[in-house]
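Novice: Model the following, please.
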Amino acid sequence: MTEVKIGFKQTESAEIPEKWEMARLGDVVEELKNGFASGKRDENGIVQIRMNNVTTDGRLIFNSYLKVPVPENLNYWLLKKGDLLFNNTNSIDLVGKSTIFNDTPFPCTFSNYFTRIRFKKELVLPELILYHFLILWGKNYFKSVAIRHVGQSAVHTEYLLKLQIPLPPLPEQRRIAEVLGTVDSAIQKVGGAIEGTERLKKGLMQRLLTRGIGHERFKESEVGRIPDEWEIVQVGDITDEHKQGFYTSENYSEEGINLVRITDLQNPEISYLKMPKIKIDDELFKQFKVDVGDFLIARSGAIGRYGIVKSSIPCVFASYIIRFRFDSCRVDNLYFGKLFESFYISNELKKITQGATNKNINAYNIKKIKIPLPPLPEQRRIAEILSAADRKLELERRRKEKLERVKKGLMNELLTGKKRIKVEAI
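Specialist: Purely as a prediction, here's the structure:
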């Protein structure tokens with residue numbers, strides 16, 4: 001039998017601090033109610049929170065929302081500050097998303113895909129339960145207990161009510177919620193910065209890829225209004241060579257040559273971290289090897305993904321990839337990559353995509369796409385400006401990921417009592 005740590009006690013389900021209690025969720029719930037269905041819309045009605053309004057990290061968002069006719073007994077359906085919303089029905093991967101309803105500039109109700117939970121305030125903070133739900137969702141608990149139907153899954157109320165929750169005294173609950181809330185605020189702040197940089201990059205792409213840098217005279221073209229000095233070419237006009245990738249039914253090997261897959265293409269980087277190896281003879285290696293400067297495009301599935309080869313690590317490329325080798329005297333790879341990410345090229349790729357389920361494109365159709373081509377020095381300047389925005393985005397995303405790891409670690413420690421907070425520090 002494992003010895004219980006000093007200052008802790010053993011319960012049926014877990015070891016917790018001596019002053020904590022292990023409670024059934026049902027024992028701290030004051031009211032639990034499912035929302036109402038409404039297939040009607042009414043611009044003069046009331047907001048109804050739906051699945052798209054709740055994120056997987058516990059936020060309530062209103063990027064878009066629906067108004068429905070005001071239901072009878074409106075007060076019965078109105079949300080109050082501190083209500084926890086549990087997404088009882090969704091796809092198997094999303095069921096169990098949860099959030100806390102706080103002050104909004106407009107009254108809100110909730111759909112039948114949510115369960116509203118109100119707690120006994122003298123026993124528990126709703127925020128504490130939300131953090132427990134986020135941990136359970138991350139561990140796929142709700143996925144494991146969901147009843148699967150065609151196209152959707154549901155978690156029944158009984159599974160919620162019998163959940164065992166370690167409960168600290170209320171003052172410690174408040175301190176835990178305060179600490180985790182501070183990290184949440186930092187994550188949201190960085191998330192806002194990411195959204196701002198993404199908008200900046202989108203605006204830069206729209207301007208630089210159509211108007212260039214410092215031009216005053218423009219002309220109409222097949223792709224829209226462009227500077228006088230630019231030309232319109234087909235991708236085939238700047239292509240020296242293209243080749244479809246290497247197919248193999250052999251298993252991966254611990255030794256051999258790296259195989260570049262679609263998942264390794266990261267617009268514009270290529271990730272070598274999880275790249276598998278295969279055994280391949282010298283003749284095939286010569287045919288399918290990648291060289292520095294090669295431009296790899298996903299031809300199936302993840303249409304729009306690409307990678308530019310910058311390393312001399314020996315690699316061949318898989319069958320769902322097309323290797324392009326462009327005329328370096330006419331086009332800069334990074335400029336073409338930014339063009340490849342643009343709305344214009346994305347739209348052109350949709351036009352040439354084939355297949356209903358297994359979507360794919362082929363090199364010959366790609367080569368027919370018409371693109372704007374500035375002089376090479378301007379291409380490089382455009383690519384550098386957009387790459388600077390990419391670098392800023394990457395730094396912000398890494399910072400957010402780091403904060404999310406910090407939050408996850410703190411939740412696991414604070415909500416189990418492995419790490420304690422001095423309540424006197426309030």
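Novice: Report the central residue of the chain.
Specialist: Nearest residue to the geometric centre of the chain (C-alpha atoms, centre = their mean): residue 56, 9.7 Å.
Novice: Which parts of the stretch 1-150 of the chain are helices?
Specialist: With DSSP state H, counting those that start in this stretch as the criterion, the stretch 1-150 of the chain has helices at 25-28, 74-77, 126-138, 141-145.
Novice: Just put those helices in TSV and tack on mean neighbour count and mean pLDDT.
Specialist: Where you see a C-beta, it was placed from the backbone N, CA and C, and this is true even at glycine. Output for these, formatted as TSV (neighbours: other C-beta atoms under 10 Å; pLDDT from 0 to 100):
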stretch	mean neighbour count	mean pLDDT
helix 25-28	16	96
helix 74-77	11	94
helix 126-138	20	97
helix 141-145	18	95
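Novice: quick one, which of the ones you listed is nearest to residue 166?
Specialist: helix 126-138 (8.4 Å; C-beta to C-beta).
Novice: ok, residue 408 - contacts?
Specialist: Residue 408 makes contacts with residue 138, as judged by C-beta atoms under 8 Å, 6 or more residues apart in numbering.
Novice: Tell me what angle the helix or strand it falls within forms with helix 126-138.
Specialist: According to DSSP states H and E, residue 408 maps onto helix 376-414. Angle, helix 376-414 to helix 126-138, by axes from the mean of the first three to the mean of the last three C-alpha atoms, to 10 degrees: 110 degrees.
Novice: From residue 331, how far off is residue 376?
Specialist: Using C-beta to C-beta, to the nearest Å, residue 376 is found at 8 Å from residue 331.
Novice: what do you get for residue 137?
Specialist: From residue 137 to residue 331 the distance is 46 Å (C-beta to C-beta).
Novice: mind listing what residue 352 touches?
Specialist: When contacts are counted by C-beta under 8 Å, 6+ apart, residue 352 touches 361, 362, 365, 366, 368, 369.
Novice: which one is the fifth one nearest to, not counting chain neighbours?
Specialist: Right, residue 368. residue 234 (5.9 Å; C-beta to C-beta, 6 or more residues apart in numbering).
Novice: Enumerate the beta-bridge partners assigned to the one you found.
Specialist: Residue 234 forms beta bridges with residue 370, as assigned by DSSP bridges.
Novice: Which residue comes closest to residue 252 once chain neighbours are left out?
Specialist: Closest to residue 252 by C-beta to C-beta, 6+ apart is residue 276, at 4.0 Å.
Novice: ok, now residue 15?
Specialist: With sequence-adjacent residues excluded and distances taken as C-beta to C-beta, 6+ apart, residue 15 is closest to residue 8, at 5.1 Å.
Novice: same question, residue 374
Specialist: Once flanking residues are discounted, residue 374 sits nearest to residue 230: 5.0 Å by C-beta to C-beta, 6+ apart.
Novice: Tell me which residues touch the one you found, please.
Specialist: 212, 221, 372, 373, 374, 375.
Novice: wait, isn't the third one in contact with residue 209?
Specialist: In this case it means residue 372. Yes: here residue 372 lies in contact with residue 209, judged by C-beta atoms under 8 Å, at a distance of 6.9 Å.
Novice: intersection of neighbour lists for these two?
Specialist: Shared contacts of residue 372 and residue 209 (C-beta under 8 Å, 6+ apart): residue 339.
Novice: which regions of the chain lie under the pLDDT threshold?
Specialist: For the chain, the stretches with pLDDT under 70 are 1-2, 355-357, 424-426.
Novice: If you count residues, where's the longest helix of it?
Specialist: When every helix of the chain is counted residue by residue (DSSP state H), the longest turns out to be helix 170-211.
Novice: Could you give me the buried positions within the helix or strand just after it?
Specialist: Counting by DSSP H and E, the element after helix 170-211 in chain order, helix or strand, is strand 218-221. Applying a neighbour-count criterion of 16 or more other C-beta atoms under 10 Å, one finds residue 218 buried in strand 218-221.
Novice: what's the next secondary structure element after strand 218-221?
Specialist: Criterion used, DSSP H and E; the element after strand 218-221 is strand 224-227.
Novice: Tell me which other helices or strands that next one touches.
Specialist: The helices and strands touching strand 224-227, judged by 3 or more C-beta pairs under 8 Å, 6 or more residues apart in numbering; DSSP states H and E, are helix 170-211, strand 218-221.
Novice: Including distance to residue 404, could those go into JSON lines?
Specialist: Rendered in JSON lines, the data for the helices and strands packed on strand 224-227 read as follows (distance: least, C-beta to C-beta, whole Å):
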{"stretch": "helix 170-211", "distance to residue 404": "6"}
{"stretch": "strand 218-221", "distance to residue 404": "45"}
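Novice: for those, which one ends up most surrounded?
Specialist: Across those, the average number of neighbours (mean count of other C-beta atoms under 10 Å) peaks for helix 170-211, which reaches a mean of 16.
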